[in-house]
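A.B. asks: How does the following fold in three dimensions:
(one chain, ligands or ions: 1)
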Amino acid sequence: MTTRTFSFAGRTVNRVGYGAMQLAGPGVFGPPKDHDAALAVLREAVASGVNHIDTSDYYGPHVTNRIIREALHPYPDDLVIVTKLGAVRGDDASWIPAFEPDDLVRGVEDNLRNLGLDAIDVVNLRVMIPGNADHSKPGEGSIARQFGVLAGLQERGLIRHLGLSNVTSAQVAEARAIAPVVCVQNQYNLVQRGDDALVDELAAAGIAYVPFFPLGGFSPIQSSGLEAIAADLGATPMQLALAWLLHRAPNILLIPGTSSVAHLRQNLAAADIALDEAAMARLDALA
Ligand SMILES: NC(=O)c1ccc[n+]([C@@H]2O[C@H](COP(=O)([O-])OP(=O)(O)OC[C@H]3O[C@@H](n4cnc5c(N)ncnc54)[C@H](OP(=O)(O)O)[C@@H]3O)[C@@H](O)[C@H]2O)c1
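C.D. replies: Below is the predicted model:
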């Protein structure tokens, strides 16, 4: 069995949290097709013990944060809300990098207003290095200027803790020389293991590693090998993908995204799955 909690951003959070991106409309743009269902997912998550929710004001834009506020405000004392900055949305649903100091300040203000907060628990600098061909993967380049702006907003009391997203080990080190980093949110899952070394490095430093696309993202992982192991163990493939992450390292916190209460319940139940060495070896071999 894995440990169920992790010390994160000054609180103790359950390792299975919730990622709110799926609550916006198609393409993470506009309103959800079922507003009440979106509220129900959030309320069920918190009622079931989720106390770590990941969001961004550019989901919708503004939509996801406003739904979180409608569903959960006033927020439970133990809830850690994590948002991210680094983009705005075009009218055509495009994702436009927004890293100038004014963009970052405006981004914090938008999150505060739409979430109904005076200070945000955690803000991740979501990095997009200019010229990098694939913005779902990190590229090398300095992030000191942008992270310095967030550190300034932290000093002003608008942000409690700082994190990073889509970054390399060198960028984590660069940021940590400026201010403490409580989490790193990069793409990682059972079949996308490019961050194996970074997961271990952050575990040694006591920093949370929060994989985005833990189930594979918009097209969840499809693998006949995973289906076979899931059938043998009496779990769903998605539950095993999450259980594997929980067993992979103690600093991994999960934020699976779903717009469905039924899927939410399945995902939360992944914390109850114990994987022995043989099962882990079979799952490791799918990478
Ligand atoms: N930092 C970044 O750049 C970044 C990028 C992407 C995402 N994120 C964050 O990471 C979170 C997780 O990523 P994600 O939501 O994109 O991807 P994900 O969690 O890997 O997968 C979400 C997909 O899996 C489906 N799903 C969820 N639970 C399921 C289950 N039990 N059985 C079958 N299908 C299931 C969802 O559909 P249903 O709605 O039908 O359940 C949705 O299509 C996001 O919500 C967001 O907060 C961050």
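
A.B. asks: When you work out contacts or count neighbours from here on, use the C-alpha atoms and nothing else.
C.D. replies: Fine.

A.B. asks: got the contact list for N186?
C.D. replies: Residues near N186 by Cα atoms under 8 Å, 6 or more residues apart in numbering: 137, 165-167, 195, 209-212.

A.B. asks: quick one, phi psi at the residue of the stretch 1-150 of the chain at minimum distance from the ligand?
C.D. replies: For the stretch 1-150 of the chain, the nearest residue to the ligand under the criterion Cα to the nearest ligand atom is G19, separated by 3.3 Å. Backbone torsions for G19, taken as degrees, to the nearest 10, come to phi -100, psi 130.

A.B. asks: next one: N14
C.D. replies: For N14, the backbone dihedrals (degrees, to the nearest 10) come out as phi -70, psi 140.

A.B. asks: Next, count neighbours for the residue nearest to it when sequence neighbours are not counted.
C.D. replies: The shortest distance from N14 to any residue other than its chain neighbours is 4.4 Å, reached at T5 (Cα to Cα, 6 or more residues apart in numbering). Neighbours of T5 under the rule other Cα atoms under 10 Å: 15.

A.B. asks: quick one: T5 and V13 touch, right?
C.D. replies: Yes. Here T5 reaches V13: they are 5.4 Å apart, a contact under Cα atoms under 8 Å.

A.B. asks: host element of the residue sitting furthest away from the middle of the chain?
C.D. replies: Distance from the C-alpha centroid of the chain peaks at D232, with 29.5 Å (Cα atoms, centre = their mean). Assigned by DSSP states H and E, D232 falls within helix 224-233.

A.B. asks: Show me what counts as buried in the helix or strand hosting I96.
C.D. replies: Here I96 sits within strand 95-97, counting by DSSP H and E. Across strand 95-97, burial judged by 16 or more other Cα atoms under 10 Å covers P97.

A.B. asks: Which helix or strand lies directly C-terminal to it?
C.D. replies: Later in the chain than strand 95-97, the nearest helix or strand by DSSP H and E is helix 101-115.
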